[in-house]
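K.L.:
Below are the sequence and a predicted model for it; my questions follow.
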Amino acid sequence: MSGALFGEALDVLFVTCHALAAWIAVVSFVAAVVVVGGCAVGAWAIRGAWRGLTGPLAASEPECDPSAANTPTKPTAPSWARTDKEAA
């Protein structure tokens, strides 16, 4: 009688441990989804707030005029490779 009772106790222990492990796996998966989703929503909200705050600031500042800068319009060649000037 005691052998059957011990076997039944071990069976209950194994089933309980498996159920507990399954609950831990499910809860950790749900927690991970919630944390990642919360980070994504938080980043989206911060990005929107940042764009909302920096938009008026960027509009009030004068923009840099790239045409006023001394930038060449086409690539320049070294002096020895230019064919438009006659050699001395």
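P.N.:
Right, received. Where do you want to start?
K.L.:
ok, residue 44 to residue 3 distance?
P.N.:
62 Å (CB to CB, to the nearest Å). For glycine as for every other residue, the C-beta is placed from the backbone atoms N, C-alpha and C.
K.L.:
okay, these two: which has more neighbours?
P.N.:
Applying other CB atoms under 10 Å to residue 44 and residue 3 shows that residue 44 carries more neighbours, namely 10 against 7.
K.L.:
Assign the more buried one to helix, strand or coil.
P.N.:
helix (DSSP: H, G, I helix; E, B strand; the rest coil).
K.L.:
next one: the one 4 residues further on
P.N.:
Residue 48 carries the three-state label helix when classified by three-state DSSP.
K.L.:
Next one, pLDDT for it please.
P.N.:
Looking at residue 48, its pLDDT reads 90.
K.L.:
Tell me how many other residues surround it.
P.N.:
Count around residue 48 with other CB under 10 Å applied: 10.
K.L.:
cool, and residue 25?
P.N.:
10.
K.L.:
Quickly find the element holding it.
P.N.:
Assigned by DSSP states H and E, residue 25 falls within helix 2-60.
K.L.:
Residue 77: neighbouring residues, count only.
P.N.:
Neighbours of residue 77 using other CB under 10 Å come to 10.
K.L.:
To clarify, my last question referred to residue 27.
P.N.:
Per other CB under 10 Å, the neighbour tally for residue 27 reads 10.
K.L.:
tell me the contacts of it?
P.N.:
Not one residue lies near residue 27 by CB atoms under 8 Å, 6 or more residues apart in numbering.
K.L.:
ok, it to residue 80 distance?
P.N.:
Distance, residue 27 to residue 80, using CB to CB: 74 Å.
K.L.:
Under the pLDDT cut-off, which ranges of the protein? List them.
P.N.:
For the chain, applying pLDDT under 70 flags the ranges 1, 57-75, 85-88.
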